[in-house]
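*Asks:* how does the following fold in three dimensions:
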Amino acid sequence: MKQKIVSYPIILTEYNDESGHYYVVSSPNLPGLVTDGSNISEALFNAKDAIATLLDSREYPKVQDSRKWNLKKGQQTSWVSVNMTEWHNKYGKTVRRNISIPEALNDWAKRNHINVSKVATDALYEMQQS
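*Replies:* Residues are numbered from 1 along each chain as shown. Have a look, this model is predicted:
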């Protein structure tokens, strides 16, 4: 079986603030991509799932030249490769669901760079296995 592997450049932004020391992943190439990690390895690992979730059931955007991006202090680029075939075999097709959460909780999740879709998915998998 032929594997569909995609690779995209991302921006790692290092933060050291009241929330602690962590890295946030984003990409002008992939609007809506935001995830994080307590270190670079964790951030890149989380980026794989975030990219796969974002690209699921849509056309893959053309890869941009990250050398043309204007980086700010504390930012660096990296590349993330995702085996979409493997991801689909593990998670199957995703569907978009709207959920309602309290506004204060939503604000907290945004401030703390929490991927609410991933949290909900992980919680549902945990409930399914218990």
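*Asks:* so where do the helices sit in the protein?
*Replies:* Applying DSSP state H to the chain gives helices spanning 40-55, 84-91, 103-111, 116-129.
*Asks:* mind checking which of those helices is nearest Val6?
*Replies:* With C-beta to C-beta as the criterion, Val6 lies closest to helix 84-91 of the helices of the chain, at 6.0 Å. Every residue, glycine included, has its C-beta placed from N, CA and C.
*Asks:* just give me the longest strand of this structure.
*Replies:* In terms of residue count, the longest strand belonging to the chain (DSSP state E) is strand 5-17.
*Asks:* thinking again about what came up before, which of the helices of the chain is buried the deepest?
*Replies:* helix 40-55 (a mean of 19; mean count of other C-beta atoms under 10 Å).
*Asks:* what helices or strands is it leaning on?
*Replies:* strand 5-17, strand 20-26, strand 35-37, strand 75-83, helix 84-91, helix 116-129 (3 or more C-beta pairs under 8 Å, 6 or more residues apart in numbering; DSSP states H and E).
*Asks:* how does it look with 6 Å?
*Replies:* strand 20-26, strand 35-37, strand 75-83 (3 or more C-beta pairs under 6 Å, 6 or more residues apart in numbering; DSSP states H and E).
*Asks:* what about it, distance to the chain center?
*Replies:* With C-alpha atoms, centre = their mean, to the nearest Å as the basis, helix 40-55 stands 4 Å off its chain's centre.
*Asks:* please export the C-alpha coordinates of that helix as PDB.
*Replies:* Output of helix 40-55 as PDB, limited to C-alpha atoms (Å, rounded to 0.1, in the frame of the first residue of the first chain):
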ATOM      1  CA  ILE A  40      10.900  21.200  21.300                       C
ATOM      2  CA  SER A  41      10.500  17.400  21.000                       C
ATOM      3  CA  GLU A  42       7.100  17.400  22.600                       C
ATOM      4  CA  ALA A  43       5.900  20.400  20.500                       C
ATOM      5  CA  LEU A  44       7.000  18.700  17.300                       C
ATOM      6  CA  PHE A  45       5.400  15.400  18.400                       C
ATOM      7  CA  ASN A  46       2.100  17.300  19.100                       C
ATOM      8  CA  ALA A  47       2.400  19.100  15.800                       C
ATOM      9  CA  LYS A  48       2.200  15.800  13.900                       C
ATOM     10  CA  ASP A  49      -1.300  15.100  15.300                       C
ATOM     11  CA  ALA A  50      -2.400  18.700  15.000                       C
ATOM     12  CA  ILE A  51      -1.400  18.800  11.300                       C
ATOM     13  CA  ALA A  52      -3.000  15.400  10.500                       C
ATOM     14  CA  THR A  53      -6.200  16.500  12.200                       C
ATOM     15  CA  LEU A  54      -6.200  19.900  10.400                       C
ATOM     16  CA  LEU A  55      -5.600  18.300   7.000                       C
END
